[in-house]
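In: A structural model of the following input is requested.
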Amino acid sequence: VEELESVLRTHFSHKWVNTVNSCTSGLHLAVHTILKEPGDEILTTPLSCTATNWAILANDRKLKWVDIDPSTCNISIEDLYRKLSPNTKAIMVVHWGGYACDLDELARVQDKCKQLYGYRPPIIEDCAHAWGATYKNKLIGTHGNTAVFSFQAIKHLTTGDGGVILCQDEELHKRMKLLRWYGLDRDSKADFRCSQNIKEWGFKFHMNDINAAIGIANYKLACEM
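Out: Numbering: from 1, shown residues only. Sure, this is the predicted structure:
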């Protein structure tokens, strides 16, 4: 797993990389760590695998639909502006079919929310379709948002099943690293199963070495596709 994460850090030129056992787990973990309170509202797309929005409901957050741009099948920027409210705590987008959302316009939506309500809602990018996709010659996942990729069996890069989260800051990265495996610090010198004081309970969302080995073997091929 550590070897695959090293490969991915190099691939994305990005420091804060956490593999997980599925993109669904990654999205769940992203919503769980980024939104603070039950009932927090996320503006999101209805055109996606159900896993995108199940992550919102599973965390007891509230989803609010935003319309689709018929020319791209991505989230409608115009409707995003209309749907902004004081309750908007995050925005979930999908790069549909690998076609990148307009990330500059999304940043302007964040700025508008800040202007109106004093808060810049974080963006979670569902990149399940978007391995290798770029926006303005820069890989999707490296534009300052939390981004979650899928390595499921039919994806360009497959680990059999799995995924990866790219975080926008070190604090969030460290918290996700803990919570993906019960809240235990696997880097601690203490006996991580018996001796640690777990400050925050977590999940069983970590990737295993078998899946990671499959991913390492597939990486070169995935980059050539």
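In: So N145 sits against R120, correct?
Out: No: look at N145 against R120 with Cβ atoms under 8 Å: they stay out of range, at 11.5 Å. Where you see a C-beta, it was placed from the backbone N, CA and C, and this is true even at glycine.
In: Looking at the chain, which strand is longest?
Out: strand 88-94 (DSSP state E).
In: circling back to that earlier point, of N145 and R120, which one has the most company?
Out: Neighbour totals were compared for N145 and R120, and N145 leads with 22 against 14 (other Cβ atoms under 10 Å).
In: In space, what's closest to that one - neighbours in sequence excluded?
Out: Closest residue in space to N145, ignoring its immediate chain neighbours: I123 at 4.2 Å, by Cβ to Cβ, 6 or more residues apart in numbering.
In: now the helices for the protein?
Out: In the chain, helices defined by DSSP state H lie at 2-12, 23-34, 50-58, 77-83, 103-117, 170-179, 209-224, listed in chain order.
In: Give me the contact list for the second one.
Out: Read that as helix 23-34. 18, 20, 42, 51-52, 54-56, 58-59, 61, 90, 122, 124, 126, 128, 146, 148-152, 163-165, 172, 175-176, 179-180, 203, 205 (Cβ atoms under 8 Å, 6 or more residues apart in numbering).
In: Quick one, which of the residues you listed are buried?
Out: Among the contacts of helix 23-34, those buried by neighbour count (16 or more other Cβ atoms under 10 Å) are 18, 20, 42, 51-52, 55-56, 59, 61, 90, 122, 124, 126, 128, 146, 148-152, 163-165, 172, 175-176, 179-180, 203, 205.
In: Between the two ends of stretch 58-69, how far is it?
Out: Start-to-end span of stretch 58-69 (Cα to Cα, to the nearest Å) is 27 Å.
In: What pLDDT does the model give A190?
Out: Per-residue confidence (pLDDT) for A190: 67.
In: List the buried residues in the lowest-mean-pLDDT helix or strand in the chain.
Out: Sorting the helices and strands of the chain by mean pLDDT, DSSP states H and E puts helix 209-224 at the bottom, at a mean of 93. Across helix 209-224, burial judged by 16+ other Cβ under 10 Å covers 211-212, 214-215, 218-219, 222.
In: Tell me which residues touch T88, please.
Out: Contacts of T88 by Cβ under 8 Å, 6+ apart are 41-43, 64, 113, 117, 119, 121.
In: Buried ones among those?
Out: The buried subset of the contacts of T88 - by 16+ other Cβ under 10 Å - is 41-43, 113, 121.
In: Can you tell me which of these comes closest to E5?
Out: I42 (27.4 Å; Cβ to Cβ).
In: Surely the closest one and N87 touch.
Out: No: the pair I42 and N87 does not pass the contact test of Cβ under 8 Å, sitting 9.8 Å apart.
In: quick one: common contacting residues for those two?
Out: By Cβ under 8 Å, 6+ apart, the residues touching both I42 and N87 are 62, 64.
In: beta partners of the spatially most central residue of the chain?
Out: Most central in the chain under Cα atoms, centre = their mean is V148, positioned 2.9 Å from the mean C-alpha point. V148 has the following beta-bridge partners by DSSP bridges: D126, I165.
In: Can you give me the pLDDT of it?
Out: V148 is assigned 98 on the pLDDT scale.
In: Give me the distance between it and H129.
Out: Separation of V148 from H129 (Cβ to Cβ, to the nearest Å): 11 Å.
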